[in-house]
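Participant: have a look at this prediction, sequence included:
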Amino acid sequence: ETGVTQSPTHLIKTRGQQVTLRCSSQSGHNTVSWYQQALGQGPQFIFQYYREEENGRGNFPPRFSGLQFPNYSSELNVNALELDDSALYLCASSLGGGGLTDTQYFGPGTRLTVL
Amino acid sequence: SQQGEEDPQALSIQEGENATMNCSYKTSINNLQWYRQNSGRGLVHLILIRSNEREKHSGRLRVTLDTSKKSSSLLITASRAADTASYFCAGLPSDSWGKLQFGAGTQVVVTP
């Protein structure tokens, strides 16, 4: 049990729609990272938020956006959904800093299916 | 595209045997973390090895790190059916704050 929760567990949307995924980090963790995991692949980094500011982004278009709130919750928003957005979306919380012992703890994920 | 690679892609062993999987990465890292994932669910953190460490143990897990070869290995001793899962290594790059770079994973099946 990592103390990181995500909602919803599963979600089905159609192309062109917008979706919001939610994550609740471990208490005290200032940093949340979001990853996309396609079937049969390893997770790909989307972006990271530290103290409510985005401080790193992977190779994802601007229609992927996020928010982090002071109460250790965060959101991943995806606009104009495409079929290729179908994946498992994972959030991970950590103390941040990227140092030698910086550890990311993952939630159970949200399975998004785009039809 | 994946930033690291695990080898083998799949491994099938019997209970009681050891399972060894290898990981290679491309950039300089601060640490390397191993995770387990069951049936497409969340990732469970197994062990972290710092860039200035060469070997680390945790229970039945043994991890090695060779930064000169940019490679790591995970050994699971005396495997159990419950160890059946996908295993991922993830490097924390020293020049990219918090962006874990994952390989494609090794799928391990342990049969009773």
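Facilitator: Arrived safely, thanks for sending.
Participant: the one helix or strand A:Arg111 maps to pairs with which strands?
Facilitator: A:Arg111 belongs to strand A:110-114 when elements are defined using DSSP states H and E. Strand pairing for strand A:110-114, using DSSP bridges, gives strand A:10-13 (parallel), strand A:87-94 (antiparallel).
Participant: near chain A, which residues of chain B?
Facilitator: B:2, B:4, B:30-31, B:33, B:35, B:40-45, B:48, B:50-52, B:88, B:90, B:92, B:94, B:96-105 (Cβ under 8 Å from any Cβ of the partner chain). Where you see a C-beta, it was placed from the backbone N, CA and C, and this is true even at glycine.
Participant: just to revisit the earlier point, show residues contacting the strand holding A:Arg111.
Facilitator: With Cβ atoms under 8 Å, 6 or more residues apart in numbering or on different chains as the test, strand A:110-114 has contacts from A:6-15, A:19, A:21, A:78, A:81-89, B:40.
Participant: which of these count as buried?
Facilitator: For those, a burial check counting by 16 or more other Cβ atoms under 10 Å in any protein chain shown picks out A:6, A:13, A:19, A:21, A:78, A:81, A:85-89.
Participant: can you select the buried ones among the residues of chain B next to chain A for me in PyMOL?
Facilitator: In PyMOL, this line selects whichever of the residues of chain B next to chain A come out buried by 16+ other Cβ under 10 Å:
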select buried, chain B and resi 2+4+30+31+33+35+41+42+43+45+48+50+88+90+92+96+97+98+99+100+101+102+103+104+105
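Participant: about what we covered before: now tabulate the buried ones among the contacts of strand A:110-114 in CSV and tack on pLDDT.
Facilitator: CSV is the format used below for the buried ones among the contacts of strand A:110-114 (pLDDT from 0 to 100):
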residue, pLDDT
A:Gln6, 96
A:Lys13, 98
A:Val19, 98
A:Leu21, 98
A:Val78, 98
A:Leu81, 98
A:Asp85, 98
A:Ser86, 98
A:Ala87, 97
A:Leu88, 97
A:Tyr89, 98
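Participant: which two of those have the greatest separation?
Facilitator: For the buried ones among the contacts of strand A:110-114, the maximum inter-member distance is 18.1 Å, found between A:Gln6 and A:Leu81 (Cβ to Cβ).
Participant: lowest confidence element among the helices and strands of chain B?
Facilitator: strand B:4-7 (a mean of 80; mean pLDDT, DSSP states H and E).
Participant: now the residue in chain A positioned nearest to chain B. Nearest residue, chain neighbours left out?
Facilitator: As assessed by Cβ to the nearest Cβ, chain B sits closest to A:Gly42 within chain A, at 3.4 Å. Among residues not flanking A:Gly42 along the chain, B:Phe102 sits closest, at 3.4 Å (Cβ to Cβ, 6 or more residues apart in numbering or on different chains).
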